[in-house]
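>>> Predicted model and sequence follow; I will ask about them next.
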Amino acid sequence: MSKFADIEIDPAIVRRAARGDARAHEVLYRAFAAPVYSLVLRFTRVPAQAEDLTQETFIEIMRSIGGFRGEAAIGSWIRRIAVSKALMFLRSAWTAKGRPLDADWDDTTAGDVAAHGVSARPDDALDLDAALASLPSISRAVVWLHDVEGFTHKEIAALMGKTESFSKSQLSRAYSRLRPILDAGRTGDAADGAAVRSY
């Protein structure tokens with residue numbers, strides 16, 4: 001589950017932050033900067049863009065915290081803002097290209113994963129980060145939101161401005177794309193193990 005859920009913040013700090021207390025803002029920043037950066041980096045894959053999105057997320061947090069009602073944990077609320085900023089970034093990147101959100105699905109061909117950052121070495125093929133990197137950005141975002149962050153298809157659809165069936169189909173396509181990559185890694189590991197045992 002998400003790192004955001006593990007971070008506990010005293011409600012008094014949140015109330016002080018809502019009143020504009022700079023020290024309370026700093027406490028929130030120090031507590032959540034690393035998980036926010038880690039999350040947005042999953043979407044952008046570019047550290048400089050992730051740093052910008054982290055700053056934008058915290059600007060939005062400080063601007064909006066007065067409206068935080070405490071119906072969910074502060075970490076969940078911050079996570080939602082970070083996801084929203086990351087998805088807005090992806091949306092704007094595709095809007096600038098004049099392409100729909102799901103147009104990048106065909107950018108990666110099934111037989112050419114090595115050219116898209118996935119190593120042919122079995123130990124690297126099992127690296128989930130490398131496998132996820134082979135996915136188009138929107139599919140990668142759906143997998144991350146659903147499987148790691150725990151968002152439902154309904155929530156993902158609302159965040160992306162799409163339907164639930166869009167979210168489900170992106171997840172299904174992503175699984176279909178990831179399965180052979182991860183299976184190839186397992187097959188390679190098994191072959192390596194057999195070679196070692198034959199000596």
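Structure received. Residues are numbered from 1 along each chain as shown.

>>> Flag the shaky bits of this protein, pLDDT-wise.
1-2, 93-129, 184-199 (pLDDT under 70).

>>> Can you show me the helices along it?
11-18, 22-44, 47-64, 74-97, 122-125, 128-133, 137-143, 153-160, 164-198 (DSSP state H).

>>> out of the ones you listed, which comes closest to Phe4?
helix 74-97 (3.7 Å; Cβ to Cβ). Where C-beta positions appear, they are placed from N, C-alpha and C, glycine not excepted.

>>> counting contacts, what elements does that closest one pack onto?
helix 22-44, helix 47-64, helix 137-143, helix 153-160 (3 or more Cβ pairs under 8 Å, 6 or more residues apart in numbering; DSSP states H and E).

>>> For Pro180, which of those is the nearest?
helix 137-143 (14.8 Å).

>>> any idea how far stretch 20-39 is from the chain center?
Relative to its chain's centre, stretch 20-39 lies at 19 Å (Cα atoms, centre = their mean, to the nearest Å).

>>> May I have it as CSV, with CA atoms only?
The C-alpha trace of stretch 20-39 is given here as CSV (Å, rounded to 0.1, in the frame of the first residue of the first chain):
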residue,chain,number,x,y,z
GLY,A,20,-1.4,29.7,7.5
ASP,A,21,1.2,28.7,10.1
ALA,A,22,4.5,28.5,8.2
ARG,A,23,6.1,26.0,10.6
ALA,A,24,3.1,23.7,10.3
HIS,A,25,3.5,24.0,6.5
GLU,A,26,7.1,22.9,6.9
VAL,A,27,6.1,19.9,9.0
LEU,A,28,3.7,18.8,6.3
TYR,A,29,6.3,19.3,3.6
ARG,A,30,9.0,17.4,5.4
ALA,A,31,6.6,14.5,6.1
PHE,A,32,5.2,14.2,2.6
ALA,A,33,7.8,15.6,0.2
ALA,A,34,9.6,12.2,-0.4
PRO,A,35,6.4,10.2,-1.1
VAL,A,36,4.9,12.9,-3.3
TYR,A,37,8.1,13.0,-5.3
SER,A,38,8.3,9.2,-5.6
LEU,A,39,4.7,9.1,-6.7
